[in-house]
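Peer 1: Dropping a prediction and its sequence here:
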Amino acid sequence: MKVVTCIAPVNIAVIKYWGKRNEELILPINDSISTTLDTEQMCAKTTIMANPNFKENKFWLNGKEENCDNIRMQSCLKEIRKKANKNLKWFDWKIHICSENNFPTAAGLASSAAGYACLVFTLAKLYEIDGEISDVARRGSGSACRSIYGGWVRWHMGENEFGFDSIAKEIVPKSHWPEIRVIILVVNDSRKKYSSTSGMKTSVKTSSLLQYRAESIVPKRINEMIDAIKSKNFEKFAEITMKDSNQFHATCLDTYPPCVYMNDVSHSICSLVHSYNEIKKSIEVGYTFDAGPNACLYTLEKNVSEVISLINYVYPSSTPKEEYFRGIPFEDLSQNISEDLQGKVMNQRMEMDQLKYIIQTKVGSGPKMLEDESEHLLNEMGNPKVLIKTII
């Protein structure tokens, strides 16, 4: 048998991808830019085993067996095999795939991007493929192509009708701007009501704002964002990020019927960020929301203690600290915000337990293969080491 295990990162878009010009090939109507997050805090992990004794392909996600005949997974398998080394002994063997996320699935935290990037990267390692694979990851989930690279990544929409030029490329590596920190406020980690796939399809059909955004706003915004990242201009970076997030959700509301991903707590986070920046007389924090209610805040490392103290004041929690604060440890959780700052945000305080938990992370690298055999998710028989039994 042949077995490979890899991990792949989450990416959070700062210039959003929303809408396809080709549903089958998953070709977007505009370019997008994302930040790759550190796999130490959030990642997908996939083990793939090829064995001549397997009778069929099998797939497990988070301990539960799933249908591996779904169109997107089969598209990835088909495309990766086109690039594979046909002379490999295990090329024609059946495979077992086991994947896990260490963060909520389908809650608007880019789980499908990390999952499909990890699947494609692991398949590429299994079949000894070198070269471009972001085009294959795109066939699983559009934004997955951006998780093939680290740092800041641009997904080029491309012009070719077959999608040959619709690929992701790294803008700068994670080492370019190490001071950036990302604070994720998990408002709701349950499965979202409207899937991104169905939401996009409806937006393309019904939203006039979406077309205007793609043609008139995004091209200029892409260039401005690249300049802000390369020059490490945080104020401009955060401003563009917030404006693009707002416009994306405005597009969702312009969709008919509307796709509503943010909730009251989400909107209160936006208000708090703007209040804080106004008090500081500069943009010290930026927010973005994907297709879900959870907030992704960008700030610089020097601001983290005050920002998290502000969040603790406005969103009090009864959850034990060891469960509530996740990812990179927050160095000073006992710090109190100044009386002046308290007074200015007092009317924005929320009831207890509006946030489920908080993750601190940073910009990270792309996928990688794990050499330690103990990391495999499948046992020697090709079955998951952790399995959720389905009760009928």
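Peer 2: Sure thing, it's come through.
Peer 1: Please, where are all the helices along the stretch 201-350 of the chain?
Peer 2: The residue ranges that make up the helices of the stretch 201-350 of the chain, judged by DSSP state H, counting those that start in this stretch, are 208-212, 218-230, 234-254, 264-280, 304-314, 321-324, 339-345.
Peer 1: same question for the first one, mean pLDDT?
Peer 2: If I follow you right, that is helix 208-212. The average of the pLDDT scores along helix 208-212 is 97.
Peer 1: try stretch 23-34
Peer 2: For stretch 23-34, the mean confidence score works out to 97.
Peer 1: cool, and stretch 292-311?
Peer 2: Taken as a whole, stretch 292-311 carries a mean pLDDT of 95.
Peer 1: Tell me the bridge partners for residue 360.
Peer 2: For residue 360, the beta-bridge partners are residue 183, residue 327 (DSSP bridges).
Peer 1: Quick check: it touching residue 324?
Peer 2: No. With contact taken as CB atoms under 8 Å, residue 360 and residue 324 are classed as non-touching, separated by 11.6 Å. C-beta coordinates here come from the backbone N, C-alpha and C atoms, glycine included.
Peer 1: okay, the two: which has more neighbours?
Peer 2: Summary of the neighbour comparison: residue 360 and residue 324, criterion other CB atoms under 10 Å, with residue 360 having more neighbours (20 against 17).
Peer 1: model confidence over stretch 134-144, on average?
Peer 2: Confidence for stretch 134-144, expressed as mean pLDDT, is 97.
Peer 1: and what of stretch 152-162?
Peer 2: Taken as a whole, stretch 152-162 has a mean pLDDT of 97.
Peer 1: to the chain's geometric centre, what's the distance from that stretch?
Peer 2: Its chain's C-alpha centre and that of stretch 152-162 lie 18 Å apart, by CA atoms, centre = their mean, to the nearest Å.
Peer 1: Could you export the helices of the stretch 201-350 of the chain as CSV, including distance to residue 58?
Peer 2: Converted to CSV, the helices of the stretch 201-350 of the chain look like this (distance: least, CB to CB, whole Å):
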stretch, distance to residue 58
helix 208-212, 39
helix 218-230, 40
helix 234-254, 36
helix 264-280, 38
helix 304-314, 43
helix 321-324, 33
helix 339-345, 52
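Peer 1: Identify whichever of these lies nearest to residue 83.
Peer 2: Residue 83 lies closest, by CB to CB, to one member of the helices of the stretch 201-350 of the chain: helix 218-230, at 28.5 Å.
Peer 1: and that closest one, which residues are buried?
Peer 2: Along helix 218-230, these residues count as buried under the neighbour rule (16 or more other CB atoms under 10 Å): 218, 221, 222, 224, 225, 226, 228, 229.
Peer 1: same check, this time on stretch 253-273
Peer 2: For stretch 253-273, the neighbour count (16+ other CB under 10 Å) marks 254-255, 258-259, 261-262, 265-266, 268-270, 272-273 as buried.
Peer 1: and it, how far apart are its ends?
Peer 2: With CA to CA, to the nearest Å applied, stretch 253-273 spans 22 Å between its terminal residues.
Peer 1: what comes into contact with that stretch?
Peer 2: Applying CB atoms under 8 Å, 6 or more residues apart in numbering, the external contacts of stretch 253-273 come out as 108, 185, 187-188, 192-194, 199, 202-203, 206-210, 242, 246, 249, 252, 285-287, 289-295, 297, 310-311, 314, 345, 348, 350, 354-355.
Peer 1: Return the members of the residues you listed classed as buried.
Peer 2: 108, 185, 187-188, 192, 194, 199, 202-203, 207, 209-210, 242, 249, 252, 285-287, 289-295, 297, 310-311, 314, 345, 348, 354-355.
Peer 1: Pick out the most distant pair among the buried residues of stretch 253-273.
Peer 2: Maximum pairwise distance in those, criterion CB to CB, is 26.8 Å, between 255 and 272.
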